[in-house]
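In: Got a sequence here, can you model it:
(chains A and B)
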Amino acid sequence: NAGVTQTPKFQVLKTGQSMTLQCAQDMNHEYMSWYRQDPGMGLRLIHYSVGAGITDQGEVPNGYNVSRSTTEDFPLRLLSAAPSQTSVYFCASSYSAGYYGYTFGSGTRLTVV
Amino acid sequence: EDQVTQSPEALRLQEGESSSLNCSYTVSGLRGLFWYRQDPGKGPEFLFTLYSAGEEKEKERLKATLTKKESFLHITAPKPEDSATYLCAVSPLIQGAQKLVFGQGTRLTINP
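Out: From the prediction side, this is the model:
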């Protein structure tokens, strides 16, 4: 039982490049979310999904896209990377969001130069 | 606006020295309040969910309590392995259940 798996663990991008952060869970959770964590800011919600084919925006969605074609996978796409997107990104999943805790992945540390 | 404030930002204790971490929140109705532990370089690890004022939950040396405006994480006789950042989050009732609002965390260090 792997839980929530994120790849890559580290990434350096040049400004303007695009990339996809991968997230997969094997717990059959319907709810999945992407957060970014910045020093002094706490975790902030980027996008979330309540099931396959259903996604919505969180607090800081600009510059990011998501899709959810299967229950297991929830990739996060950076369209045109900017230095302001330098952060640690966490994917999380839950059986019942709001009532049970989320299981978080180990994170992707992204640096945009 | 839904808001979570944790205090102190950092706390240094000696092994065995009990203390409490505070999480004050302002929400338009509370669906649930969560405590997480985060070790350096890792994702947050779920500890507790509290749903209503007066509720308490315990796990080893940790006990979480909830009032209408704040939650406390009590740490009894801590050990060095309890050193971590502790995060508090709320799920506001009016917003979608997925929209957790996190505090900035308390960085706890336990010296042997």
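In: the strands in chain A, which residues?
Out: Taking DSSP state E, the strands of chain A run over residues A:4-7, A:10-13, A:19-25, A:31-38, A:42-51, A:54-57, A:64-66, A:76-78, A:87-94, A:103-104, A:108-112.
In: which helices and strands does the shortest one pack with?
Out: The reference is to strand A:103-104. strand A:87-94 (3 or more CB pairs under 8 Å, 6 or more residues apart in numbering or on different chains; DSSP states H and E). All C-beta spots, glycine's among them, are computed from the backbone N, C-alpha and C.
In: Contacts only, for the residue nearest the centre of chain A.
Out: Residue closest to the average C-alpha location in chain A (CA atoms, centre = their mean): A:Trp34, at 2.9 Å. A:Trp34 makes contact with A:21, A:23, A:45-48, A:58, A:64, A:66, A:74, A:76, A:89-92, according to CB atoms under 8 Å, 6 or more residues apart in numbering or on different chains.
In: what's the answer for A:Ala92, then?
Out: Going by CB under 8 Å, 6+ apart, A:Ala92 touches A:4, A:32-35, A:102-105, B:43.
In: Just name the closest of these to A:Phe10, please.
Out: Nearest to A:Phe10 out of those is A:Gly105 (CB to CB; 13.7 Å).
In: So that closest one versus chain B, what's the distance?
Out: In this view, A:Gly105 and chain B are 5 Å apart by CB to the nearest CB, to the nearest Å.
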